[in-house]
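Asker: okay, here's the prediction I keep looking at, along with the sequence it came from:
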Amino acid sequence: MKRVLVTGAGGYLGSNLVPSGAGRPLYDRSKALGQGAVLTEAARGLDAVICQPTGIIGPR
């Protein structure tokens, strides 16, 4: 694998703001876990991009 691109649903996920608590929706928690895994691998040398768009515009 040469590069990983992770697309979020908007918002900011940093070291002090992790939407992974039990009170958060399952979608938010799964996004937080996925992004955390990518950040871990990026620290080991994986070429990764995490994109947090404010909105996704598509054909519908």
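Answerer: Yep, it's here. Numbering: from 1, shown residues only.
Asker: show me the strands in this protein, by range?
Answerer: In the chain, the segments counted as strands under DSSP state E are 4-7, 48-51.
Asker: distance to Ala32 and mean pLDDT added to the ones you listed, as JSON lines?
Answerer: To be clear about C-beta, it is placed using only N, CA and C from the backbone, and glycine gets the same treatment. Shown next, in JSON lines, are the strands of the chain (distance: least, Cβ to Cβ, whole Å; pLDDT from 0 to 100):
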{"stretch": "strand 4-7", "distance to Ala32": "11", "mean pLDDT": "82"}
{"stretch": "strand 48-51", "distance to Ala32": "12", "mean pLDDT": "88"}
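Asker: residue ranges with poor pLDDT in this protein?
Answerer: Residue ranges of the chain with pLDDT under 70: 9-22, 54-56, 60.
Asker: quick check, central residue of it?
Answerer: Taking Cα atoms, centre = their mean, the centroid of the chain lies closest to Gln35, which sits 3.5 Å from it.
Asker: wait, Val49 touches Arg3, no?
Answerer: Yes - contact criterion Cβ atoms under 8 Å: Val49 and Arg3 qualify, at 6.9 Å.
Asker: okay, the two: which has more neighbours?
Answerer: Val49 (11 against 8; other Cβ atoms under 10 Å).
Asker: please name the residues that touch the more buried one.
Answerer: Counting by Cβ atoms under 8 Å, 6 or more residues apart in numbering, Val49 touches 3-6.
Asker: what does Cys51 give?
Answerer: 5-8.
Asker: any chance of the residues you listed in CSV, plus distance to Ser30?
Answerer: Below are the contacts of Cys51 laid out as CSV (distance: Cβ to Cβ, whole Å):
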residue, distance to Ser30
Leu5, 17
Val6, 12
Thr7, 13
Gly8, 11
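Asker: any of these buried? List them.
Answerer: Burial of the contacts of Cys51 was assessed by neighbour count (16 or more other Cβ atoms under 10 Å); the buried members are 6, 8.
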